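Enquirer: curious how this folds, go ahead:
(one chain, ligands or ions: 2)
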Amino acid sequence: MDLESILLPGLTPQRPMVIAGPCSAETEEQVMTTAKQLVDRGQKVYRAGIWKPRTKPGGFEGVGTVGLEWLQQVKKEYGMYTATEVATPKHVEEALKAGIDILWIGARTTANPFAVQDLADALAGVDVPVLIKNPVNPDLELWIGAMERLNNAGVKKLGAIHRGFSSYDKTIYRNIPQWHIPIELRRRIPNLPIFSDPSHIGGRRELIAPLCQQAMDLNFDGLIIESHCDPDSAWSDAKQQITPDVLEYILNLLVIRSETSTTENIKELRKQIDECDTSVIELLAKRMRISREIGTFKKEHSITVLQSDRYREILDKRGAQGALCGMKESFMRDIFEAIHEESVRQQMEIINK
Ligand code: PEP
Ligand code: MN
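Expert: Ligands and ions are numbered 1, 2, ... in the order given. Presented below is the predicted three-dimensional model:
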């Protein structure tokens, strides 16, 4: 699976593939005006939520089926492809009947395996691209599980959307990116197209440009961005929507770097990294040898393997030393926690021999 597998005729496999449009379809006029402004700025794929998952009842829950007719009109008048969120088999049925080109599964739905299985059953054998947003909780297996359910149902044009993860902590983001999760997804399923959703990660306009750039630097394939003809009066997610004008501006400024390095320079630097890694491994092995000697000493003198004070001292000192060398203290602590764990394991082997 690669970007070409979800590409529709007429789209080029160029990074980034962009899906843009309002968070929600609100009125026929809003849908058509936004689409016209987007198509005039070169956009080819239009998103709009028809059914909106809301945290509490009483919010705007989407216009429902009537909005599908507006999306059909976007397709007919402006030749754009259309995309919307489906959360139930009924949504799937209606969206397919209306000829929607791309479906996506929302973050709240991906978190529920029963709901995903119902969608997979409804989509069985259907040849429509389906993009799966990450679940609200940072659980890569749950995300991959959702893709497996669809894949098992014969849905072959699959993609992922990284929209960040919910957290109780207050951060600058609406949903913290935890980039290592989509990076690990890429390692596990190398050819799966991955989109970034800077609108839902950032939750505010100023963060969209830097998040788009970050996604491109991490070699994501596409972007799904909320764009509205009048963002301030949007019925949902007003703070994170941008005008088609601003969208064009942001996309034009993006620097797209290629993944493959052609320069000798980077080869040379990689050789140096390989050498560093070899030295790190040799040093670790030496440290473990010394640790085993300490293990023998502890055995002979009947001392416990775990010496809490010493462990605390190591974590504190190494954290501070690392910080002096420009590394995060928490990163140093993680490393030395892992080293200590292996050290204890090796000493336990000696003591119990
Ligand atoms: C959306 O795309 O408008 C949406 C509801 O997103 P998410 O499922 O990521 O919250
Ligand atoms: Mn939204």
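Enquirer: check what pLDDT the closest residue to ligand 2 within the stretch 1-150 of the chain gets.
Expert: In the stretch 1-150 of the chain, the residue that lies nearest ligand 2 is Cys23 (3.3 Å; C-beta to the ion). For glycine as for every other residue, the C-beta is placed from the backbone atoms N, C-alpha and C. pLDDT recorded at Cys23 is 98.
Enquirer: okay, the lowest-mean-pLDDT helix or strand in the chain in PDB with CA atoms only?
Expert: When each helix and strand of the chain is scored by mean pLDDT, DSSP states H and E, helix 3-6 comes last, with a mean of 77. Coordinates of each C-alpha in helix 3-6 appear next as PDB, following Å, rounded to 0.1, in the frame of the first residue of the first chain:
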ATOM      1  CA  LEU A   3       0.000   6.900  -1.600                       C
ATOM      2  CA  GLU A   4      -0.900   5.800  -5.100                       C
ATOM      3  CA  SER A   5      -3.200   3.200  -3.700                       C
ATOM      4  CA  ILE A   6      -5.600   5.800  -2.400                       C
END
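Enquirer: just checking, what packs against that helix?
Expert: strand 158-162 (3 or more C-beta pairs under 8 Å, 6 or more residues apart in numbering; DSSP states H and E).
Enquirer: which ones are touching the residue of the stretch 151-300 of the chain found nearest ligand 2?
Expert: Across the stretch 151-300 of the chain, the shortest distance to ligand 2 (C-beta to the ion) belongs to Asp237, at 3.8 Å. By C-beta atoms under 8 Å, 6 or more residues apart in numbering, the contact list for Asp237 reads Cys23, Ser24, Ser199, His200, Glu226.
Enquirer: quick one on the thing from earlier: what are the buried residues along the least confident helix or strand of the chain?
Expert: Leu3, Ile6 (16 or more other C-beta atoms under 10 Å).
Enquirer: which residues sit against the helix or strand just after that helix?
Expert: On the C-terminal side of helix 3-6, the closest following helix or strand by DSSP states H and E is strand 17-21. Here strand 17-21 makes contact (C-beta under 8 Å, 6+ apart) with 3, 7, 11, 34-35, 38, 43-48, 83, 102, 193, 195, 221-227, 244, 247, 251.
Enquirer: mind listing which of these are in strands?
Expert: Using DSSP state E, the subset of these located in strands is Val45, Tyr46, Arg47, Ala83, Ile102, Phe195, Gly222, Leu223, Ile224, Ile225, Glu226.
Enquirer: adding pLDDT and distance to ligand 1, write the residues you listed out as a markdown table.
Expert: Putting these into a markdown table (pLDDT from 0 to 100; distance: C-beta to the nearest ligand atom, whole Å) gives the following:
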| residue | pLDDT | distance to ligand 1 |
| --- | --- | --- |
| Val45 | 98 | 14 |
| Tyr46 | 98 | 13 |
| Arg47 | 98 | 7 |
| Ala83 | 98 | 10 |
| Ile102 | 98 | 12 |
| Phe195 | 98 | 11 |
| Gly222 | 97 | 14 |
| Leu223 | 98 | 13 |
| Ile224 | 98 | 7 |
| Ile225 | 98 | 10 |
| Glu226 | 98 | 7 |
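Enquirer: any chance of these in TSV, plus neighbour count?
Expert: Shown next, in TSV, are the ones in strands among the contacts of strand 17-21 (neighbours: other C-beta atoms under 10 Å):
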residue	neighbour count
Val45	20
Tyr46	27
Arg47	28
Ala83	23
Ile102	22
Phe195	26
Gly222	24
Leu223	26
Ile224	27
Ile225	28
Glu226	28
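Enquirer: pick the one among those closest to Lys299.
Expert: Phe195 (55.9 Å; C-beta to C-beta).
Enquirer: hang on, the closest one packs against Leu223?
Expert: Yes - judged on C-beta atoms under 8 Å, Phe195 makes contact with Leu223 at a distance of 6.3 Å.
Enquirer: returning to that earlier point: got the contact list for the residue of the stretch 1-150 of the chain closest to ligand 2?
Expert: Ala48, Gly49, Lys52, Ser199, Glu226, His228, Ala234, Ser236, Asp237, Gln240, Gln241.
Enquirer: again with Tyr46
Expert: Ile19, Ala20, Gly21, Ala35, Leu38, Leu71, Val74, Tyr78, Met80, Tyr81, Thr82, Ala83.
Enquirer: bridging residues for the third one?
Expert: Partner residues in beta bridges with Gly21: Glu226, with DSSP bridges as the criterion.
Enquirer: which bits of the stretch 101-250 of the chain sit near ligand 2?
Expert: Asp237 (C-beta under 5 Å from the ion).
Enquirer: re earlier: just the pLDDT for the residue nearest to the residue of the stretch 1-150 of the chain closest to ligand 2 when sequence neighbours are not counted.
Expert: Nearest non-adjacent residue to Cys23, counting by C-beta to C-beta, 6 or more residues apart in numbering: Asp237, 4.1 Å away. As predicted, Asp237 sits at a pLDDT of 96.
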